[in-house]
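Engineer: Sharing a model that was predicted from the sequence below.
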Amino acid sequence: MTLTYEDVLAKYEPVFGLETHVELNTKSKMFCGCSAEFGGEPNTHTCPVCLGLPGAIPVVNGAAVEATVKIGLALNCSIASWCRFARKNYFYPDMPKNFQISQYDEPLCFDGYLDVEVDGTTYRVGIERVHMEEDTGKNTHIGGATGRIHGAEYSLVDFNRAGIPLIEIVTKPVPGTGALAPQVAKAYVSALRDILRTLGVSDVRMEQGSLRCDVNTSLAPAGSEQWGTRTETKNVNSLRSVERAVRSEMIRQAGLLDAGEKIKQETRHFQETTGDTRPGRSKEEATDYRYFPEPDLVPISASAEWVEQLRAGLPELPAVRRKRLTDAYGISADEMQAMLNAGVVDLVVETGELGAPVAEARNWWTGYLTQRANEREAEVSELGMSPAQVAHLISLVADGTLSTALARQAVDGVLETGEDVDAVIAAKGLKRVSDTGALEVAADAAIAADPDAATKVRDGKVAAVGALVGAVMKATRGQADAAAVREILLAKLGQA
Amino acid sequence: MITWSAAETAAKIAAGEVCAVEVAQAHLERIAAVDDKVKAFLHVDTEGALAAAAAVDAKRAAGERLSPLAGVPLAMKDVVVTKGLPTTSGSKILQGWRPPYDATITSKIKDAGIVMLGKVNMDEFAMGSSTENSAYGPTHNPWDLTKIPGGSSGGSSAAVAAYEAPLSIGTDTGGSIRQPAAVTGIVGHKPTYGAVSRYGLIAFSSSLDQAGPFARTVLDAALLHEVIAGHDPSDSTSLDVPVAPVVTAAREGGRGDLTGVRVGVVKELGGEGYQSGVTASFEAAVATLKSLGAEVVEVSCPSFDYALAAYYLIAPSECSSNLARFDSVRYGLRVGDDGNNSLEDVMSLTREAGFGPEVKRRIMIGTYALSSGYYDAYYGQAQKIRRLIANDFEAAFGSVDVLVSPTTPTVAFGIGEVLDPLTMYQNDLATLPASLAGVPAISVPCGLADGLPVGLQIIAPTLQDDRCYRVGAAFEAAIPSVLANIPEL
């Protein structure tokens, strides 16, 4: 029997943890000079090193080390003054050397935290470690029903991704979030994404796999001191999925515990379509990775001076900035959250800096522009509207040149043609018709064309004026001010 | 022509007394004449060698300056990656693989105008002391074809001793240059770890592997050392320091004066387990060093007794990981890919068929030593011993300039004679400490025992490779040529 979420919470206390993999956006790969760009024809971004050819050995990409230290600093971590890479040994055909160069007991950054806010409460998520490693290649399994290796006729391997710098950020277990566990988990990933975006170290595109999450979840009977057995859910590739994965694992585990069964420590896979998790490989048969220090690489020693230099150069972090902007704009936390969710904070700020009232800028970016972006399944920032164009539109509305409806038409034109606002206005002839003479002519024509409606208005049924207003608006191709048209019509029909 | 030293050959080519193509041809003829007995070569690159030699001749004809070893032939150990030329590391698992790139030392050798004659035999993945572990059959010692030429660089040592090439490249992980040099009566030097790039050496044990020169004279070895040494941005463990002045040191040593040089005889590298003939030859060598003006003292390095145990944990551990890439997916042998076997089965069948018994033994030892719960007791402990050995060296070099020992406990043994792996491992007793500490060491011939060559090992502190060459050259100049006694093939 499936329990409701409320049933689960009445009896059990969840603890979650997250392992997040982030592909850095360095120019070259972690250990060779190959391009680290996403995509490309299969196996074109490769060389003897990232193909693991006999004899080839790695050299560390300094830019990746620097980016990792920045991430560590932004997450309030300590930075190791000396650390090494380690080899994680296991056989898999997407891994050219059959070991992954990673870090084991000596991560570059450790012992930090990230504060996240949910429903006005701040939760501190402890950061266990931030370490560097290399990404694997990508397998495509051809034939077979599942698209997985079992049952496939053959498999193709693309090594373009092999060796792309990957950062793993591991949280400490997070207890005490109760019913909000799924939301806190999601808020953590969201906050982490904002930080990484602010640092400019990663594209953080979950849909392209440049940010991927594994979610650990366990349940303990309410009031118990001891935590339960955890499962690790992989393939959690969107913010919404993080939330769903924690929630569905809580419900699944509670069902088992209620039935007197034990939770198996295992790896599970999140199912995007159903929102639940399915078992993967069992930890009981887990590989012994036989970690040992990577003998092909010299240790990394981050000097205190260098670390301080990087710390001093960090950009204003999202939480600090959010607070500053919330205060400066005099908006509520929810309004700020709406901007964050839409990914438009920078756009609003820039639009404001160009002279537009911030309230107007917020309305545009979180309103019509976000709506258009959603329709196109694009990021607002990728729509093709610049802050300068939005600021210009806002000024045109403010001085009465355009109505809001016309401004929206102008936006549509910009999105369709890629031309700038003025060119679109000129081409479409968008102009608010304020010439009363022209409106009067149109009003007379409308009255003449619809004598029934005119009679009703004259007889006191003012609501009937709507049809006449519509006719005038149609005749003026929407460029007239509807309120003004209404006044003119009512005056002509003796109802002013 | 084939008996000339590399220095002589280069000088005659530069002077126009002989052309590089003639020199290459003479060596190719020698290979054709004797290699069916010696079996040093796995692949002879006649076309490539003649083309490289012709390029040197053309350069000279154009009046361009030639590098110091331009036109001199060389045999390349098959562990070194050579673009377009078969590279097997002595293993069946890489049969037919032609690399798409050159090792850094291969490029340096090509750039120097050195003429690569081909690839020479070795113990599979450089694991062994006799070349018997090659998947392509053993190489024979030119001194006595029933004997081993040492290993793992047995093809490199045999080719030079048999006058198939005046120079060769070997790699040394626990003694694989010095021991073959000793048992074939030639010179072999293991440089300071990090002095020569490892980029393009098929890894056996990354923290120990180091490429170095073989030659019939100390000066020739020094000339080749200078070509291959130097910092390489593609190998982060390669040291960014100036190359030790080894050629100058070899020339200076050649004058035969060791006045003021303090020589330490390592107590732990001799005595029990060393053949009496080897010990006698070594003692005579020490007396010769004294006669050249060196001050000789005995030095104790107690941790050296644990070198063998530490080495046979570290090297197998690293190789178990280094050799994981040979899985049939991207290159080399593939066995069992019949549509019924799973990927894991194909990997497993390929490795079963492609690796020889010694390689499998070491992969298994290493896999075990690294496994969770055993790491500290084995790999961790071995690393501590390694530190202690380095400390012993540091302490010893506080009072002496170089350390000496016999290179090997015995002279060359018979092919097929040593069957027990542990007995085979004893061959490395004297060479392992320098490998574990990363310090440079040379082996120079110091006489004969039972008609077979004995080697003198000279060990110097980190980056002081020049001391090995100076003392080695002085010693070489003071004794009659050992190689003069090698029988006709």
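Structural biologist: Cool, the structure landed.

Engineer: Sketch out the low-pLDDT regions of the stretch 1-150 of chain A for me.
Structural biologist: A:1, A:147 (pLDDT under 70).

Engineer: Flag every residue of it that's near chain B.
Structural biologist: The stretch 1-150 of chain A comes close to chain B at residues A:48, A:51-60, A:87, A:89, A:91, A:93, A:96-99, A:149, as judged by C-beta under 8 Å from any C-beta of the partner chain. C-betas here are computed from N, CA, C, even on glycine.

Engineer: For residue A:384, what are phi and psi?
Structural biologist: Phi and psi for residue A:384, reported as degrees, to the nearest 10, are phi 110, psi 0.

Engineer: and residue A:124, helix, strand or coil?
Structural biologist: At residue A:124, secondary structure determined by DSSP: H, G, I helix; E, B strand; the rest coil is strand.

Engineer: Need the buried ones from the residues of the stretch 1-150 of chain A next to chain B selected in PyMOL.
Structural biologist: Selecting the buried subset of the residues of the stretch 1-150 of chain A next to chain B in PyMOL, with 16 or more other C-beta atoms under 10 Å in any protein chain shown as the burial test, is done by:
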select buried, chain A and resi 48+51+52+53+54+55+56+57+58+59+60+87+89+91+93+96+97+98+99
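
Engineer: So which of the residues of the stretch 1-150 of chain A next to chain B belong to helices?
Structural biologist: Under the assignment DSSP state H, these contribute nothing to helices.

Engineer: Can you mark which positions in the strand or helix carrying residue A:341 are buried?
Structural biologist: Here residue A:341 is covered by helix A:333-342, with elements defined by DSSP states H and E. Of the residues in helix A:333-342, those buried under the neighbour-count criterion (16+ other C-beta under 10 Å) are A:336-340, A:342.

Engineer: Now do the contacts for the closest residue to residue A:195 other than its chain neighbours.
Structural biologist: Distances taken as C-beta to C-beta, 6 or more residues apart in numbering or on different chains place residue A:74 nearest to residue A:195, at 5.1 Å, with adjacent residues excluded. Shown in contact with residue A:74 (C-beta atoms under 8 Å, 6 or more residues apart in numbering or on different chains): A:195, A:198-199, A:314, A:317.

Engineer: what's the answer for residue B:103, then?
Structural biologist: Each residue near residue B:103 by C-beta under 8 Å, 6+ apart is listed here: A:55, B:80-82, B:197, B:199-201.

Engineer: let's see 10 Å
Structural biologist: A:48, A:55-56, B:76, B:79-83, B:87, B:109, B:169, B:197-202, B:211, B:228, B:232, B:234 (C-beta atoms under 10 Å, 6 or more residues apart in numbering or on different chains).

Engineer: Filter those down to the ones in helices?
Structural biologist: Judged by DSSP H, those include B:109, B:228 as members of helices.

Engineer: quick one: pLDDT of the closest residue to chain B within the stretch 301-450 of chain A?
Structural biologist: At 12.9 Å from chain B, residue A:301 is the closest residue in the stretch 301-450 of chain A, using C-beta to the nearest C-beta. Here the pLDDT value assigned to residue A:301 is 95.

Engineer: just the one 5 residues further on next, same as before
Structural biologist: Per-residue confidence at residue A:306 stands at 97 (pLDDT).

Engineer: Surely it touches residue A:73?
Structural biologist: No: contact status for residue A:306 versus residue A:73: not in contact, 11.4 Å apart, counting by C-beta atoms under 10 Å.

Engineer: Overlap in contacts, the two.
Structural biologist: residue A:79.

Engineer: give me every residue that touches residue A:41.
Structural biologist: Counting by C-beta under 10 Å, 6+ apart, residue A:41 touches A:158, A:160.

Engineer: Any idea how far apart the tips of stretch A:81-96 sit?
Structural biologist: One end of stretch A:81-96 sits 30 Å from the other (C-alpha to C-alpha, to the nearest Å).

Engineer: now stretch B:122-139
Structural biologist: Using C-alpha to C-alpha, the end-to-end distance of stretch B:122-139 comes out at 8 Å.

Engineer: what's near enough to touch residue A:109?
Structural biologist: Taking C-beta under 10 Å, 6+ apart as the criterion, residue A:109 is in contact with A:68-80, A:83, A:103, A:127-132, A:167, A:169, A:302, A:307.

Engineer: try residue B:167
Structural biologist: Contacts for residue B:167 (C-beta under 10 Å, 6+ apart) come out as B:5-6, B:9, B:69, B:72-76, B:109, B:114-117, B:156, B:159-160, B:213-216, B:220-221, B:223-224, B:227.

Engineer: Over to it: give its phi and psi.
Structural biologist: The phi/psi pair for residue B:167 (degrees, to the nearest 10) reads phi -140, psi 150.

Engineer: residues from the stretch 351-489 of chain B in reach of chain A?
Structural biologist: When proximity is defined by C-beta under 10 Å from any C-beta of the partner chain, the stretch 351-489 of chain B lies next to chain A at B:351, B:366-375, B:379-380, B:383.

Engineer: moving C-terminal of the lowest-mean-pLDDT helix or strand in chain B, what's the next helix or strand?
Structural biologist: Every helix and strand of chain B was ranked by mean pLDDT, DSSP states H and E. The lowest is helix B:421-425, at a mean of 89. Following helix B:421-425 in sequence order, the next helix or strand is helix B:432-437 (DSSP H and E).
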